[in-house]
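Q: this one's structure only:
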Ligand SMILES: [Zn+2]
């Protein structure tokens, strides 16, 4: 877990590699299902297109279907799921999680980081401070013009952060009570956060 700009997906990638397990990203799975136009995908598409969030029942179906495919003893890392208490409780009934890593950054830092993010039309991501393109405003990979996502503009980021905090505060309490929550300082460099996480995993083995 972690707010937008915390680098949680990058850290999840590195953990997945270290532990040799799948990283299951809820956003990707939802988008893939919509693209494939399955029955579930069509239902989700309909809700999302009318401006809503995919309802929990659909999200849970899809996530469990994905995890089921991994096989009985396979470990996995979840990213972007569960998003609220109802999803967490449902998950615990099927697949109790071992640990919940929360990469914490302040709202001010999240705004600062996302403000400097730039993307090309093909989805290659750069950052004016941490991952600069070689030529100003041009994608290194496909040479298309870089731009700022609407979602990354400060007013919208602040709004998304408020929603995130509201959605996850109960969730964090839930895992804290179960002694599963591990908090990492996400305001350090990406490398330093990775080191903290891998140190934790090494000690936990
Ligand atoms: Zn590109």
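A: It's in. Source: prediction; values computed, not measured.
Q: for residue 131, give the beta-bridge partners.
A: Counting by DSSP bridges, residue 131 is bridged to residue 127.
Q: which residues does residue 81 contact?
A: 24, 26, 59, 63, 87, 91 (CB atoms under 8 Å, 6 or more residues apart in numbering). Using the backbone N, CA and C atoms, a C-beta is placed for each residue, glycine as well.
Q: I should have written residue 156 there, sorry.
A: residue 150 are the contacts of residue 156 under CB under 8 Å, 6+ apart.
Q: would you quantify the distance from it to residue 114?
A: Separation of residue 156 from residue 114 (CB to CB, to the nearest Å) stands at 9 Å.
Q: what comes up buried for whichever strand or helix holds residue 28?
A: Using DSSP states H and E, residue 28 falls within helix 26-36. By 16 or more other CB atoms under 10 Å, the buried positions in helix 26-36 come out as 26, 29, 30, 33, 34.
Q: please apply the same query to stretch 145-157.
A: In stretch 145-157, counting by 16+ other CB under 10 Å, buried: 146, 152, 157.
Q: just stretch 2-11 next, same as before
A: For stretch 2-11, by 16+ other CB under 10 Å, it's 2, 3, 4, 5, 6, 7, 8, 11.
Q: residues in this structure within reach of the ion, list them.
A: 120, 122, 124, 139, 141, 142 (CB under 5 Å from the ion).
Q: fine by me, we can end here.
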